[in-house]
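Asker: Got a predicted structure here, sequence first:
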Protein chains: 2
Amino acid sequence: MEIFLDCLPCMMRQALEAAKMATDDEVLQSEIMERTLAILSKFKRFDTAPEISGVIQESIRELTGVQDPYAAVKARDIEEALRLEPLIRTYAQETGDSLPRALKTAATGNVMDAALYSGYDLENRLMQELKRPFEITDQELFAGNLKQAKKILVIADNAGEVVFDRILTEYLSKTHQVIYAVRGRPILNDATLVDALRAGMGPGVELISTGVATPGAVMALASEEFQALFRSADLVISKGQGNYEALSSPERDVYFLLKAKCQRIATALGVGLGAYVFKKVEGSRRE
Amino acid sequence: MEIFLDCLPCMMRQALEAAKMATDDEVLQSEIMERTLAILSKFKRFDTAPEISGVIQESIRELTGVQDPYAAVKARDIEEALRLEPLIRTYAQETGDSLPRALKTAATGNVMDAALYSGYDLENRLMQELKRPFEITDQELFAGNLKQAKKILVIADNAGEVVFDRILTEYLSKTHQVIYAVRGRPILNDATLVDALRAGMGPGVELISTGVATPGAVMALASEEFQALFRSADLVISKGQGNYEALSSPERDVYFLLKAKCQRIATALGVGLGAYVFKKVEGSRRE
């Protein structure tokens, strides 16, 4: 996906957020912003926003020595999601153990980031999000594909979201081999192996790393193991906006499962801001 | 006022907004963002955010040839404010022709920018804003100063706001000489001479230009005429955040009249986000 000009102020805001999490030293924060501006000024040389974010976050690690600035935030998100798990399970199983509910629950996990904490009454807001239907859903197409499939790859997004994803991976792993791929290194509030384990992912699900430290699975940066798996899996579910940005013109068919949190992504998908989407995008290399 | 790191993403967002208003050509918009990033990367060399904004907006004028990208926005804001004038006057005169109401009305004009249009039901929202009391008000101090004063300088902010300011300038001009100072050239949605005339400013009020084309009256950039007036006026009222940023450590006493629209300004003033403030700041050169 191309880099929209609207992404530039947003990436700068994100850099400042990470800088403040990594250090209280205002001189260092100021230096981080200078470096961020230098990186952003070369935005035309990059293909996707997650790639730029990756470089910015790497420079923050270098300047501060802090390897995981979002560690505390991720721990809080996971803890909060685990606290909400009974509520999530009640919703997921209300209509029996169904695919549509499992998909919608996993999609809703996409709100388990800072945005959700800006207000009070988390339970009510979460229930509203869970009940909000998909604006686009290719779930019948997916259900059809599922019959022929054996191996399913799910590409994870943020840390707190893993608790919601477990509803989907538990459902799928009853009948299929499920592989859950997380980031190769800490990047923003995205899930790493440690985060996924903390959120209770597995047993019955294979956990692997993409090898990528960008907030989106940029294939050119991924490990050979992940690239091979991406090609060989029968079905791929990609979660969240970052992975959508990185994979929106995929070589193979991908099902994107996300909430459109920013106007640009919503416009690209042809949905309203805040809409839930489960959309199949056909790969450029047809088999 | 120092440049906060939080201002950087905000100035970038503002640059993109202006770029889109000035041109539909995406290549040109992209070039504007590259130039903006180059300007912002030197942020440490500037003293205040309005100075940086001034340079960015000048580069947009250069690249696009559009001298007043916000012309249509300002015309709309003024038209809308004039349409609301009966409502504004009813509020201002509800308790008789009083100074507190005149001050609060002028302060409320500070919301007459794009923010107000993001929702519907403008009248109700405006009434809520008008009724919201000052969180800080030095109006008794001001009323005391007024008794000894002859010449009052009011430094304008955005274009639509001028209609609200007329309530205050009409009140003050009954007993005092009032001079209303606008920007020297178009800059964002700030009021210029043409805008002020369109919004009905005058008669009985002298209109002058600061000579400045930054969104805040940066004294070092102001005309000699304005600098002399700034020194010689008995009272100075500075409107809005931009002027506060430019003048927050003034040589002479200044009354700041504004709504704290961003968290950084709110923190600097020790008030909540969105608070109304009428605050006297003492000058560094005591007479």
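Answerer: In hand now; what should we look at?
Asker: A:F278 belongs to a helix, doesn't it?
Answerer: No: A:F278: not assigned to a helix; according to DSSP: H, G, I helix; E, B strand; the rest coil it is strand.
Asker: Look up how far chain B lies from the closest residue in space to it that isn't next to it in sequence.
Answerer: Sequence neighbours aside, A:T137 is the residue nearest to A:F278 in space, at 4.5 Å (criterion: C-beta to C-beta, 6 or more residues apart in numbering or on different chains). For the C-beta atoms, the positions are set from N, CA and C on the backbone; glycine is no exception. Separation of A:T137 from chain B (C-beta to the nearest C-beta, to the nearest Å): 30 Å.
Asker: dump the residue contacts of A:T137.
Answerer: Contact partners of A:T137, counting by C-beta atoms under 8 Å, 6 or more residues apart in numbering or on different chains, are A:100, A:103, A:277-279.
Asker: Out of those, who's the most crowded?
Answerer: The most neighbours of any of these, using other C-beta atoms under 10 Å in any protein chain shown, belong to A:L103, which has 26 neighbours.
Asker: ok, back up a step: quick check: phi and psi on the residue nearest to A:F278?
Answerer: phi -140, psi 120 (degrees, to the nearest 10).
Asker: Same check on A:G96?
Answerer: Residue torsions, per degrees, to the nearest 10, at A:G96 are phi 80, psi -180.
Asker: How about it: which residues does it bridge to?
Answerer: A:E94 (DSSP bridges).
Asker: Could you give the number of residues near it?
Answerer: A:G96 has 7 nearby residues by other C-beta under 10 Å.
Asker: Ok, A:K131 next?
Answerer: A:K131: 10 neighbours (other C-beta under 10 Å).
Asker: so where do the helices sit in the stretch 151-287 of chain A?
Answerer: In the stretch 151-287 of chain A, the segments counted as helices under DSSP state H, counting those that start in this stretch are A:161-173, A:193-198, A:224-232, A:240-247, A:263-269.
Asker: Please identify which of these is closest to B:S238.
Answerer: Nearest to B:S238 among the helices of the stretch 151-287 of chain A is helix A:263-269 (34.7 Å), distances taken as C-beta to C-beta.
Asker: Run the contact check for the closest one versus chain B.
Answerer: No: applying C-beta under 8 Å from any C-beta of the partner chain, one finds helix A:263-269 separated from chain B by no less than 11.7 Å.
Asker: what's in contact with that helix?
Answerer: A:1, A:4, A:6-7, A:136, A:241, A:244-245, A:248, A:258, A:260, A:272-275, A:277, A:279.
Asker: Restricted to buried residues, select those in ChimeraX.
Answerer: Here is the ChimeraX command that selects only those of the contacts of helix A:263-269 that count as buried (16 or more other C-beta atoms under 10 Å in any protein chain shown):
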select /A:1,4,6,7,241,244,245,248,258,260,275,277,279
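Asker: about what we covered before: between the contacts of A:T137, which sits nearest chain B?
Answerer: A:V277 (24.3 Å; C-beta to the nearest C-beta).
Asker: Would you mind naming the helix or strand containing the nearest residue to the closest one once chain neighbours are set aside?
Answerer: Nearest residue to A:V277, sequence neighbours excluded (C-beta to C-beta, 6+ apart): A:I136, at 4.7 Å. Using DSSP states H and E, A:I136 maps to strand A:134-137.
Asker: Quick one: name whatever helix or strand follows the helix or strand bottoming out on mean pLDDT in chain A.
Answerer: When the helices and strands of chain A are compared on mean pLDDT, DSSP states H and E, helix A:114-117 comes out lowest with a mean of 52. Counting by DSSP H and E, the next helix or strand C-terminal to helix A:114-117 is helix A:122-131.
Asker: what packs against that next one?
Answerer: Secondary-structure packing of helix A:122-131 (3 or more C-beta pairs under 8 Å, 6 or more residues apart in numbering or on different chains; DSSP states H and E): helix A:85-93, helix A:99-108, helix A:114-117.
Asker: Could you identify which of those is most buried?
Answerer: Each of these was scored by mean neighbour count; the highest is helix A:99-108, a mean of 22, by mean count of other C-beta atoms under 10 Å in any protein chain shown.
Asker: excluding its backbone neighbours, what's nearest the residue nearest in space to the middle of chain A?
Answerer: Centroid-nearest residue in chain A, with C-alpha atoms, centre = their mean: A:D157, separated by 2.0 Å. What sits nearest to A:D157 in space, not counting adjacent residues and going by C-beta to C-beta, 6+ apart, is A:G240, at 3.0 Å.
Asker: Run through the residues that contact the one you found.
Answerer: A:110, A:157-158, A:161, A:216, A:258.
Asker: Could you export the residues you listed to a markdown table, including columns for pLDDT?
Answerer: Listed next are those as a markdown table, based on pLDDT from 0 to 100:
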| residue | pLDDT |
| --- | --- |
| A:N110 | 87 |
| A:D157 | 96 |
| A:N158 | 95 |
| A:E161 | 96 |
| A:G216 | 92 |
| A:L258 | 96 |
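Asker: Now, those that are in strands?
Answerer: Counting by DSSP state E, the part of the contacts of A:G240 found in strands is A:L258.
Asker: any low-confidence regions in chain A?
Answerer: Where chain A drops to pLDDT under 70, the residues are A:114-120, A:286-287.
Asker: Chain B contacts on that one?
Answerer: So chain A meets chain B at A:5-6, A:8-10, A:12-13, A:16, A:19, A:26, A:29-30, A:33-34, A:37-38, A:40-41, A:43-44 (C-beta under 8 Å from any C-beta).
Asker: Can you select the buried ones among these for me in PyMOL?
Answerer: The PyMOL command for the buried members of the residues of chain A next to chain B (criterion: 16+ other C-beta under 10 Å) is given here:
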select buried, chain A and resi 5+6+8+9+10+12+13+16+19+29+30+33+34+37+40+41+43
